[in-house]
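Peer 1: sequence and predicted model, in that order:
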Number of protein chains: 2
Amino acid sequence: MIDFQTHPDRYRHWHLAFDGPVATLTMDVDPDAGLFEGCELKLNSYDLGVDIELADAVQRLRFEHPEVRCVVLCSGKAGVFCAGANIRMLAKASHGHKVNFCKFTNETRLAIEDASANSGQVWLAAVSGSAAGGGYELAMAAEHIMLVDDRRSGVALPELPLLAVLPATGGLTRLTDKRLVRRDRADVFCTTEEGVRGQRAVEWRLVDEVVPPSAWDATLRERALSLAARSDRPADAPGVALSPLQREIGEDGIGYSHLHVTYDRAAHRAEVTLMGPDGVAGLDWSLLLARELDDAILHLRLNEPALGLIVLRSQGDAAAVLAVDELLEARKNDWLVREIRLYWKRVLKRIDVTSRSLVALVERESCFAGTLAELLFAADRSVMADAATLSLSALNFGAYPMGNGLTRLATRFLGEPDSFAEARQRMGETLRARQADALGLVTVAYDEVDWDDEVRLLLEERASFSPDALTAMEANLRFAGPETMETRIFGRLTAWQNWVFQRPSAAGDAGSLKRYGSGQRPTYDTERV
Amino acid sequence: MIDFQTHPDRYRHWHLAFDGPVATLTMDVDPDAGLFEGCELKLNSYDLGVDIELADAVQRLRFEHPEVRCVVLCSGKAGVFCAGANIRMLAKASHGHKVNFCKFTNETRLAIEDASANSGQVWLAAVSGSAAGGGYELAMAAEHIMLVDDRRSGVALPELPLLAVLPATGGLTRLTDKRLVRRDRADVFCTTEEGVRGQRAVEWRLVDEVVPPSAWDATLRERALSLAARSDRPADAPGVALSPLQREIGEDGIGYSHLHVTYDRAAHRAEVTLMGPDGVAGLDWSLLLARELDDAILHLRLNEPALGLIVLRSQGDAAAVLAVDELLEARKNDWLVREIRLYWKRVLKRIDVTSRSLVALVERESCFAGTLAELLFAADRSVMADAATLSLSALNFGAYPMGNGLTRLATRFLGEPDSFAEARQRMGETLRARQADALGLVTVAYDEVDWDDEVRLLLEERASFSPDALTAMEANLRFAGPETMETRIFGRLTAWQNWVFQRPSAAGDAGSLKRYGSGQRPTYDTERV
């Protein structure tokens, strides 16, 4: 089982150090602690296990360290910043693992970008040695990239010439859309194994500055403090410890404190039920539920690939959920409330890009209100029972933008802006099924007499379709409207990488991934498609 | 050999009729005239051959019929509008053929949309019978969709449940981005084999109106005339006949009147040389060259898949090219000049989405000026010799937007808007290599002494890379900046469809395409990726 829960005490690959407003995160991958037997993680190359620790560090820095305003990302190994994803791991891994690995690493990089943009915790990449492939993309996730000008250190995306796959997980898109590198230079860069160093790296906008070795330490400190000075994070607030999740993982499901997952393996289905805030203080409940939902989704992705259908249910007091939303809205300038909102935003985005069919069932006693109602809009279908209700809160209208920059409701109503305005007017109301249906907030509403049959038919029908075709269809239908670097990475680049990942030139027995390091040249299919 | 040249006299599948400002294009596919042996084209299903005729009709309507202001698209078969792409053909075709077929059909639909949007020739789909899959997408390409309300006629995208592939070539994106269908309704629609008819089709924005059979003919005429009334096309101008291209196709290349293509098969390379307007009247030359370039690109795509590298050269008098551009700019409100410009726009877009590496060589005696200079900005790399020159014209700054809605120069300079402004200021100047390089207009400039070696190395290196990885990389690097329905179809949806097209659930021996119509259910890989 791949476990997404970890703690700095158990890190094998990263080291965190704190100095007032500046934290330093040092990558020092233990070659012998890889996730796969026989895949030695040389030269700070990484596998999913390394990235799980990174994601944990990103998360704890935000919640446990309100005083940290700048995070310096550097390498603990001489001569190498990071060599990117481990190739032997990629060659051994199943198609599904490769795809989910790329997805998760990219979500982690986006979480770093989210911290810089929205959390007052700005990341600074201090590149000394070679940053290649995913290693350079890790640096690109930072707000500012410093490169030491020592005639050896440089940045590269060598995947195409070396491995016949696409750079990193979102490497091409970060080049063109974030760093705004001219396309023919990007083409030269991505086809040059040895990459680019020194002043040319600045001219081509691949890094923000090169610094001579003699001035490195002083400049690094200066940059870190100057980035930290932009932040509004409190210097003296206590952090919130992310204590271990209470979790029971069994053959038939997972139990958390406020979330239950049960599997119906024969039906290829996982049923996820979210529980309202009974007894637990509002913000604590909100943060805990976000953590549990996040963990459950990641667990299903990596450990339960045959459960293609996720049914979303909720249970509890809708008024209590709305009360928490009121708190989250009223205190949104508080650093911790901001972090909780930003975390829900990321969890909901993670659901958006999860390649499972999502069906939300709004039943009697459910509490799909405000934040939890976002799940209805994230789902591919939402079905409401006559006796159920749902409610919207202010948080449905801005707190949780999708990757495309719009809220789920705005995306839903791109073709009918009046419906969006009307939904906003009904904020706070307890909406019955007929009203929710008329407002376009659910896909369909059923009478009690029809409910069981209709839901059963829907779930059975969904499970009968080609899982691949559903993955591809959902990836397209979920993201209407504008595109951003983020939607491009998941919608466009990922699709091409997935395509390349199953072509003989890369994945075949004589393909590049299998032959890498063997001394034999790979064989390519010479026909262009 | 697949030939993209045809003529209404030779059509097997379409019929054109003219009535003043309204033309009627009737689809009546000859089941026995398919491109592949043994693939009977039942129920107005189509293959590439059917679409080649459609593309020809779209083109001739624009050039040969200035008086036509509205094109009514209908079916000549009772009970069926169009059943979409032929499944047996899809099951038999190679991966490369499927991908190129989808690309071309979509370019044809975009050409229809371009006619409605920019040419004053508005398309109206008159759907009687079932419009399914690619058949419904064909209707969606029209500006207005009428559906007869006869309890039988309807629209559907049944590919996912029926065939385990994605709808049509751009079906999902036209649903969400053009028709702005709500995503959960789109999900229901795309998983419902029988589709949607009657009033619900209007409510869900799948069609624009339903019309009772009794009012059909009168309403159709009324709509056609009212769409025609919006047009500014001249009623009495003579059309321009698109006479047969003079073309010699040989084993080692193709010769046209103003374009030469030579193959170096061992090097996986086609060298394309465009000739300036020597002697031929400016507009005639421009139209002819666009037609020849279009035909050559399509020929290379479908008939020469192993020539992965296209080298672009030009030869002629740059001043003469600029003089034609001046004409194209000064008379841009003339219907014919408008058509020529719009055609160049489409040809250049076709090059943008051609999955071959494009290298432009700017040599002494070349005439990369204005319109022809667009090829440098369409190329993945452009290399300029010291002794060569190039020039920009007004047409580089607006006439030829890419699929993303920006000009190639604006896309190129997204990260350096000053360079864009500077290039505009140098419009009309004869720019030498050092200047062009400094302005960022070419990738690199070489001295005469280095030229041969550098170019040889570049071309050899390119040919050594994985063709698949290049296809995927180029599809990403060529389109920075904003996204449109068009870029999404090619960049996102196509990539997912290509992925699905090689997965066992669709393309395997027990997959959906192979088992379609056999009575046996396909076997799906149940793991989600």
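Peer 2: Structure's in. What do you need? The structure displayed is predicted, hence computed values, not measured ones.

Peer 1: mind checking which helix or strand the spatially most central residue of chain A is in?
Peer 2: By C-alpha atoms, centre = their mean, chain A has its centre lying nearest to A:Glu107, at 2.4 Å. Secondary structure assignment for A:Glu107, by DSSP states H and E: helix A:95-118.

Peer 1: ditto for A:Ala131
Peer 2: Element membership for A:Ala131, per DSSP H and E: strand A:130-132.

Peer 1: chain center to that strand, what's the gap?
Peer 2: Going by C-alpha atoms, centre = their mean, to the nearest Å, the spacing between the C-alpha centre of strand A:130-132 and its chain's C-alpha centre is 23 Å.

Peer 1: do the helix or strand just after that strand and chain B meet?
Peer 2: Using DSSP H and E, the helix or strand that follows strand A:130-132 in sequence is helix A:134-140. No - against chain B, helix A:134-140 shows no contacts by C-beta under 8 Å from any C-beta of the partner chain, the least distance being 13.7 Å. All C-beta spots, glycine's among them, are computed from the backbone N, C-alpha and C.

Peer 1: what helices and strands are in contact with helix A:134-140?
Peer 2: Here helix A:134-140 touches strand A:80-82, strand A:84-85, helix A:95-118, strand A:122-127, strand A:154-156, helix A:171-173, going by 3 or more C-beta pairs under 8 Å, 6 or more residues apart in numbering or on different chains; DSSP states H and E.

Peer 1: could I get those as CSV with mean pLDDT and distance to A:Asp284?
Peer 2: Shown next, in CSV, are those (pLDDT from 0 to 100; distance: least, C-beta to C-beta, whole Å):
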stretch, mean pLDDT, distance to A:Asp284
strand A:80-82, 98, 36
strand A:84-85, 96, 37
helix A:95-118, 97, 22
strand A:122-127, 98, 28
strand A:154-156, 98, 43
helix A:171-173, 95, 37
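
Peer 1: those: which one's closest to A:Arg60?
Peer 2: Closest to A:Arg60 of the helices and strands packed on helix A:134-140 is helix A:95-118 (C-beta to C-beta; 11.5 Å).

Peer 1: list the buried ones in the closest one?
Peer 2: A:96-116 (16 or more other C-beta atoms under 10 Å in any protein chain shown).

Peer 1: next one: stretch A:1-21
Peer 2: Buried residues in stretch A:1-21, counted by 16+ other C-beta under 10 Å: A:2, A:4, A:6, A:11, A:13-14, A:16, A:21.

Peer 1: what separation is there between A:Ala228 and B:Asp437?
Peer 2: 40 Å (C-beta to C-beta, to the nearest Å).

Peer 1: repeat for A:Arg265
Peer 2: Relative to B:Asp437, A:Arg265 is positioned 62 Å away (C-beta to C-beta).

Peer 1: so those two - more neighbours on which side?
Peer 2: Ranked by neighbour count (other C-beta atoms under 10 Å in any protein chain shown), A:Arg265 and B:Asp437 place B:Asp437 first, with 18 against 12.

Peer 1: that one touches B:Val444, doesn't it?
Peer 2: Yes - shown here, B:Asp437 and B:Val444 form a contact pair, counting by C-beta atoms under 8 Å, at 6.9 Å.

Peer 1: pull up the overlap in contacts between the two.
Peer 2: Between them, B:Asp437 and B:Val444 share these contacting residues under C-beta atoms under 8 Å, 6 or more residues apart in numbering or on different chains: B:Met384.
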